[in-house]
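Peer 1: Sequence plus the predicted model coming up.
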Amino acid sequence: MQPRIAIVGAGIAGLSAALAFAHRNCHVDILERQDSLEEVGAGLQLSPNATHLLNKIGVLESLSQLWHEPAFLRLNSGKSLRQLARVPVGQYARDRWNWPYVVVHRADLQNVLTSAVNASIACQLHLGKPIGANSEQELLANLTHELGHEPDFVICADGVWSQLRGLAPQSTAATFSGSTAWRATLAAKDFPSLGEPGNVNVFFGAKTHLVSYPLGHRKDINMVAVTPGNAMAKNWDQSGDVDTLIDQFKGWNKGILSALGAAQWKRWPLFEVRNDQWRIGEKSILIGDAAHAMTPHAAQGAAMSIEDALCLATCFTASNGDLPTTMARYETLRKPRIDRVRKRGDFNKYSYHVRGPARIARDAVLAFRRQQTLAAGLDWIHNHRADQLPE
């Protein structure tokens, strides 16, 4: 009998999981609380560990019409714009890690995933279906009521502010990281130095940093600024006051300040989930941001959700659908990976924002290291293949 999978949440994690399980001869229902999948969020960096998996679920070719492949990841001073270091990607990424390193708008990725789900005879997307529960038993009952059958396996992918995380034993709520992210887009022709020339640029400053890169077919530059902040309302689409933002960038290069002032900004608080229990019960598990939301400083948030999806589906197939074995093996594989990536993000945040002698030491270390050495330091991230289980 074809396994019946229910997925709560139609974000990147949920849609990727739907396609991964559909490719493994499962019937998949995806239930999303929103009435429509609206275009929200900022750009994304998708490294080879993610693009490899997007190819596995059949969406890479469609996405390739929308993305941009930067030549370099450039690390720069926010004050002088001086390049401190750069990591080659572009063709170098394809040669070294076998798959492309790309930047793309989050909405474009979600749209491609949604189109693939809608085209699959094994998947059914149900919009306007909020799913809540006070126990796994109630969760199964509510899903059975909505679907007309009890699912064999439930994947909870309802995001950083998950409504279902509280069902997991000893779970904790997402906590505010102390940082706020701001996003905006500008016409590339107006501020060419921010995309110079078609690269991912990270600009460093005390307590703040700015990331910019082109958005492929959209012909715009995506900008994401990270500043100290407070735990404002929990949503992705709050208007950001430009004067408040610019105040956080005092002493930065005038060209960057001009770009900041020219944009219409949205902001959101960065929440994270650390060291949680992922299993809800005997038939349900959390994935993606619902399980382990992290700050964006390693540029791996979307990639970790995609990795979760493919790894879980692979574990399910390898265990012939035995859920205790599936979930135990999944956690054994994913938790060390998530922990290591999170620690890299924590280190990056520290490195980006240091001041005084530590900043001088950072700049000296970056200037000393060769491009290939910096790239080699990313091998453990980009060469990871979450759909390949160890022997």
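Peer 2: Perfect, thanks for sending it. Numbers count the residues shown, from 1 in each chain.

Peer 1: Give me the packing partners of the helix or strand containing residue 307, helices and strands only.
Peer 2: Using DSSP states H and E, residue 307 sits in helix 301-318. Packing partners of helix 301-318 (3 or more C-beta pairs under 8 Å, 6 or more residues apart in numbering; DSSP states H and E): helix 12-22, strand 43-46, helix 48-56, helix 289-292, helix 323-353. C-beta coordinates here come from the backbone N, C-alpha and C atoms, glycine included.

Peer 1: Stretch 164-172: end-to-end distance?
Peer 2: Length of stretch 164-172, first residue to last, C-alpha to C-alpha, to the nearest Å: 11 Å.

Peer 1: Check the gap between residue 338 and residue 201 for me.
Peer 2: Counting by C-beta to C-beta, to the nearest Å, the gap between residue 338 and residue 201 amounts to 27 Å.

Peer 1: list the buried ones in stretch 92-111?
Peer 2: Neighbour-count burial for stretch 92-111 flags 92-93, 96-97, 99-111 (criterion: 16 or more other C-beta atoms under 10 Å).

Peer 1: In strands only, show me those.
Peer 2: 102, 103, 104, 105 (DSSP state E).

Peer 1: Using JSON lines, lay out the helices and strands packed on helix 301-318 together with mean neighbour count and distance to residue 311.
Peer 2: Formatted as JSON lines, the helices and strands packed on helix 301-318 follow (neighbours: other C-beta atoms under 10 Å; distance: least, C-beta to C-beta, whole Å):
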{"stretch": "helix 12-22", "mean neighbour count": "28", "distance to residue 311": "9"}
{"stretch": "strand 43-46", "mean neighbour count": "25", "distance to residue 311": "17"}
{"stretch": "helix 48-56", "mean neighbour count": "24", "distance to residue 311": "9"}
{"stretch": "helix 289-292", "mean neighbour count": "28", "distance to residue 311": "12"}
{"stretch": "helix 323-353", "mean neighbour count": "17", "distance to residue 311": "6"}
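
Peer 1: Mind checking the ones you listed for the one nearest to residue 82?
Peer 2: Across the helices and strands packed on helix 301-318, residue 82 has its closest neighbour in helix 323-353 (15.2 Å, C-beta to C-beta).

Peer 1: And for residue 158, the neighbour number?
Peer 2: 28 (other C-beta atoms under 10 Å).

Peer 1: How about it: what's its closest non-neighbour residue?
Peer 2: Excluding the flanking residues, the one nearest residue 158 by C-beta to C-beta, 6 or more residues apart in numbering is residue 9, at 3.9 Å.

Peer 1: same question, residue 258
Peer 2: Leaving aside its chain neighbours, residue 258 sits nearest to residue 191 (7.8 Å; criterion: C-beta to C-beta, 6+ apart).

Peer 1: Tell me if I'm right that the one you found and residue 257 touch.
Peer 2: No: using C-beta atoms under 8 Å, residue 191 and residue 257 do not qualify as a contacting pair, with a distance of 11.5 Å.

Peer 1: Neighbour count for those two, which is higher?
Peer 2: Using other C-beta under 10 Å, the more surrounded residue of residue 191 and residue 257 is residue 191, with 19 against 16.

Peer 1: what about the more buried one, distance to residue 365?
Peer 2: Using C-beta to C-beta, one gets 29 Å for the distance from residue 191 to residue 365.

Peer 1: Can you check the pLDDT for residue 41?
Peer 2: At residue 41, the predicted lDDT confidence score is 68.

Peer 1: Can you pull out the low-pLDDT segments for the stretch 201-350 of the chain?
Peer 2: 232-237 (pLDDT under 70).

Peer 1: Report the contact partners of the residue nearest in space to the middle of the chain.
Peer 2: In the chain, the C-alpha closest to the average C-alpha coordinate belongs to residue 302, at a distance of 2.1 Å (C-alpha atoms, centre = their mean). Contact analysis of residue 302 by C-beta atoms under 8 Å, 6 or more residues apart in numbering lists 12, 44, 45, 46, 50, 106, 109.

Peer 1: My read is that the third one contacts residue 105, right?
Peer 2: This means residue 45. No: under the criterion of C-beta under 8 Å, residue 45 makes no contact with residue 105, lying 11.5 Å away.
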